[in-house]
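K.L.:
here is my input, please return the structure:
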Amino acid sequence: MNGIFLIPDQFRIVEYVDHIWAFIIGYIICMAIVYLVHQVVDLVDKYNRTKPIYIKEADGREIIIPADKFQQMPAVVVRDLFKRPAISRSQNVVEEEVVDEKTDPINLPVIREGHVLIAGETRSGKTTAMKAVLSQRENVTVLDPHNDSATWPSGMKVIGGGRKFEDISDFLNTMQSEFDSRFEQRARGRKQFSGLTIATDELPAIIAELGKDYGIIWRRWLREGWKVGLYIVVCTQSTRVETLGIKGEGDILQNFAYVITLGKLAQSQYKDLTDGLDRPAVISSVDGTYPVVIPHTEYNMQSLYADVDNLLESDKERIVTLYLSQPENNKNLAAIQQQIFNYSGGKAFYKVKDVLEERGLL
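P.N.:
Numbers count the residues shown, from 1 in each chain. Below is the predicted model of the structure:
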């Protein structure tokens, strides 16, 4: 009797085993299909990201730029490099919009706010250009582990000389606290912040020495610092993001308000604009791209401050901004005079008072 009832049970076991195997095989097939679909999607995406960008110029010539290099260019360079191109996403082609460009060199404009990228090969004049930009600003700190007494103007705050990276680290940590504090104030409704500029031509060395965490700090400042008056001025070998020592952040270059390109790099990118210039230099911003004359002179800290006898409109705006940023119950006109003119009392007192009265604030 037992032998008779064993046969159906054995058939049931075989049937269950067949079902299990069918399930396993079906699962494997489904996973294989999903894997293949992902591979195809990745290949298509990789192709779209790596296929070259074709620039069509007015004379019919086509210039080919690798996609990764095109994506790493700052926005102001991309827009103006080929006379304000308009990008066709469907065809991956940049059609040229022909406009009249000013080709006469302009004097370096006043750049008191915004991030600035200065790019050029060794001995192209990057440090000279940086001094010229910094001479127009207040509250400037230079990070330079290789600083000597002859590099920067006397009176300018320089941190890190003698490869004292620990001093640079302490300063960056302090500035990170300032960054967070300003954004907390912004969240509470504050709209105006006094400008503070950090400048360096040693960013890759600083990040390499201090570690990746400090690279994250630089990225945060470049992306968001301008919202609360924290600005970066940095020198690099090219307009590619790798030269900043920050890899995988191609779009971060879009945050520079100004890009100054010098030397052979300027000649290679802007041949028509730099022809005939003894010191090739080009500046790009939202206002366009122009050849520019970088003043080669010695700077002192007095040039960082306004001329009390010839007050510019921008200086008046700074006075108003500083006044409004002070607490209502603790207005300090002497502090404003010191920041604007580098001294208080006398003419500085009357100038600040006149401006505030003119604006109806006193």
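
K.L.:
what is the least confident helix or strand in this protein?
P.N.:
strand 86-88 (a mean of 36; mean pLDDT, DSSP states H and E).

K.L.:
what is the burial count for I159?
P.N.:
Neighbour count of I159, defined by other Cβ atoms under 10 Å: 20. Every residue, glycine included, has its C-beta placed from N, CA and C.

K.L.:
you'd agree it is up against L143?
P.N.:
Yes - using Cβ atoms under 8 Å, I159 is in contact with L143, at 5.6 Å.

K.L.:
okay, and the common contacts of those two?
P.N.:
I168, F171 (Cβ atoms under 8 Å, 6 or more residues apart in numbering).

K.L.:
buried ones in stretch 191-206?
P.N.:
G195, L196, T197, I198, A199, T200, D201, E202, L203, P204, A205, I206 (16 or more other Cβ atoms under 10 Å).

K.L.:
looking at these, spot the one nearest Y350.
P.N.:
Checking those against Y350 by Cβ to Cβ gives G195 as the nearest, at 24.3 Å.

K.L.:
gap between the closest one and V37?
P.N.:
52 Å (Cβ to Cβ, to the nearest Å).

K.L.:
got it, and Q269?
P.N.:
Distance of Q269 to V37, given as Cβ to Cβ: 41 Å.

K.L.:
neighbour count for these two, which is higher?
P.N.:
More crowded of Q269 and V37, by other Cβ under 10 Å: Q269, with 20 against 10.

K.L.:
pretty sure the more buried one sits against I260.
P.N.:
No - in this structure Q269 lies outside contact range of I260 using Cβ under 8 Å: 11.9 Å.

K.L.:
find residues that contact each of these two.
P.N.:
Common contact partners of Q269 and I260 (Cβ under 8 Å, 6+ apart): V282.

K.L.:
of the buried residues of stretch 191-206, closest to T122?
P.N.:
T122 has its nearest neighbour among these in D201, at 10.8 Å by Cβ to Cβ.

K.L.:
which of the three states applies to the closest residue to the closest one other than its chain neighbours?
P.N.:
By the measure of Cβ to Cβ, 6 or more residues apart in numbering, the closest residue to D201 outside its immediate chain neighbours is C235, 3.6 Å from it. Under DSSP: H, G, I helix; E, B strand; the rest coil, C235 falls in the strand class.

K.L.:
tell me the contacts of the spatially closest residue to G229 that is not a sequence neighbour?
P.N.:
Leaving aside its chain neighbours, G229 sits nearest to F193 (3.4 Å; criterion: Cβ to Cβ, 6+ apart). Applying Cβ under 8 Å, 6+ apart, we find F193 in contact with R182, Q185, R186, V228, G229, L230, S325.

K.L.:
recalculate using a threshold of 10 Å.
P.N.:
By Cβ atoms under 10 Å, 6 or more residues apart in numbering, the contact list for F193 reads R182, Q185, R186, K227, V228, G229, L230, T321, S325.
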